[in-house]
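Q: Any chance you could fold what I've pasted below:
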Amino acid sequence: MEKDVFRKTGDVVLFIFIMSLLLPILLIAMLYVWFGGLPFLLPLVLVLYVSLGVLLAMAMFEKNKYKKVIYRIITAGVVLSLIPAIPGIYDKTRPVVRDGYVDTSSYAPFHEHSQVVTLTEPSTLKITDNLPILDGATALYPIYSAFAQAVYPEKEYYQHDSEVMSNRTGEAYNNLINGRVDIIFAAAPSDQQLATAKRLGNELKLTPIGKEAFVFFVNEKNPVKSLTEDEIKEIYAGDITNWKEVGGKNKDIRAFQRPQDSGSQTALQHFMGDRPIMDPPVEDIASLMGTIIDQVSDYKNYNNAMGYTFRYYSTEMTNNNSIRLLAVNGVEPTKDTVRSGEYPITNELYAVTAGSDNPHVDAFIDWILSEQGQEIVEKTGYVSIK
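A: Residues are numbered from 1 along each chain as shown. The predicted structure is shown next:
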């Protein structure tokens, strides 16, 4: 009898020891789902831990009398913990379209398999020393990378630390304003970027080098093919909220936006003019301090979603077949309609400077505006300025 008591006590101690060893794994898993933006999985993680403990206890203490009932209870617990997680799982499985998150390594200058375009004859300009430092928007990297390949000496140009960088629009403007680069290639600056430059005593000089369509896109299954400029403005002002109001299905419009100072968000602001833009959809993100912060949501390709970007980026760099570009006022966004002016939302693309003392900047920009520079703009897939 005494031996039996000791054996059972030992089993209890062993059980507690094993569950204690598993406890850190539980905590790590809970932290992972929390900071990974998956809080809806927390109940499931907890239920799985408890279920594992119950199954372990059944095996160790040979409590099989109610085995079928316990299995059913465990199954019910897992199912019930999954029910509130279904919306979150659905949300996380939607395809995401992000600005500036494509792999741009294939557009780096002088790489063996680089996709950058080349001139039909050698460049009339060559810069061999004191190279102007370039930066810019992801969508324009293929253009100014090709400029560099035509004019700069052949070597490795690292995208985040070289004379030819690609840090996205917001960071590129920040680098220019603070004197870390000589020229950036981007859409027009935001009011905040202009104000920051003025506060630091810098005047931004914008030289148009090409043109591009600012486009709006929807899920490929959305029956709406075209919107008017006024309808788009009403959607982003929050006045039109359902697709049935513009000839679509009876579904709420999920009109996504981009973060402040990104190139496409600034383009939206310029398009909207004085009309206020509604608050964007946000995600609750767990910070490292354990608090919840709001972050502008990336576009998630729900069947009622709407987003925006630039034509070349969406059709050539991301090549996303799950979205469809909308016609505006019945006009499709193509190179021809941008060139002719038929497509109504066309933006100029700029080489932007801020008083650089590099002696080659002016000559380089003059070359970009020359026939050879504009040949690169056209061959890349944009519309030349001339």
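Q: and M306, bridged to which residues?
A: Here M306 sits in beta bridges with V218, A255, as judged by DSSP bridges.
Q: in stretch 368-383, what counts as buried?
A: Neighbour-count burial for stretch 368-383 flags 368-369, 372-377, 379-383 (criterion: 16 or more other Cβ atoms under 10 Å). All C-beta spots, glycine's among them, are computed from the backbone N, C-alpha and C.
Q: Identify the farthest-apart pair in those residues.
A: Farthest pair in the buried residues of stretch 368-383 (Cβ to Cβ) is L369 and G381. Separation: 18.5 Å.
Q: ok, so what distance separates the closest residue in space to V383 that isn't next to it in sequence from Q159?
A: In space, and not counting its chain neighbours, V383 is closest to K211: 4.3 Å by Cβ to Cβ, 6 or more residues apart in numbering. As judged by Cβ to Cβ, to the nearest Å, K211 and Q159 stand 25 Å apart.
Q: Also S190?
A: 23 Å.
Q: Among the two, which residue is more densely surrounded?
A: Using other Cβ atoms under 10 Å, the more surrounded residue of S190 and Q159 is S190, with 21 against 17.
Q: so what's that one up against?
A: For S190, the contact set (Cβ atoms under 8 Å, 6 or more residues apart in numbering) comprises 260-261, 265-266, 269.
Q: neighbour-wise, which of those residues leads?
A: Ranking the contacts of S190 using other Cβ under 10 Å puts T266 first, with 24 neighbours.
Q: which residues touch that one?
A: Contacts for T266 were tallied using Cβ under 8 Å, 6+ apart; they are 169, 187-190, 193.
Q: Please apply the same query to K155.
A: Per Cβ under 8 Å, 6+ apart, neighbours of K155: F110.
Q: Report the secondary structure state of it.
A: Three-state call for K155 (DSSP: H, G, I helix; E, B strand; the rest coil): coil.
Q: measure it to H360 for me?
A: 17 Å.
Q: What of K211?
A: Here the distance between K211 and H360 works out to 26 Å (Cβ to Cβ).
Q: Endpoints of stretch 34-50, how far apart?
A: End-to-end distance for stretch 34-50, by Cα to Cα, to the nearest Å: 19 Å.
Q: Would you mark the buried spots in it?
A: 38-45, 47-49.
Q: now do stretch 173-183
A: If you call a residue buried by 16+ other Cβ under 10 Å, then stretch 173-183 has these buried ones: 173-177, 181-183.
Q: Could you list which of the contacts of T266 belong to helices?
A: Judged by DSSP state H, the contacts of T266 include 169, 193 as members of helices.
Q: what would the contacts of T266 look like in CSV with distance to L82 and pLDDT?
A: Output for the contacts of T266, formatted as CSV (distance: Cβ to Cβ, whole Å; pLDDT from 0 to 100):
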residue, distance to L82, pLDDT
T169, 41, 87
A187, 44, 91
A188, 48, 91
P189, 47, 91
S190, 43, 89
Q193, 46, 92
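Q: Looking at the contacts of T266, which is nearest T124?
A: Distance ranking of those against T124, using Cβ to Cβ, places A187 first at 27.8 Å.
Q: ok, for the closest one, nearest residue in space, not its chain neighbours?
A: Using Cβ to Cβ, 6+ apart and skipping the chain neighbours, the partner closest in space to A187 is G263 (4.4 Å).
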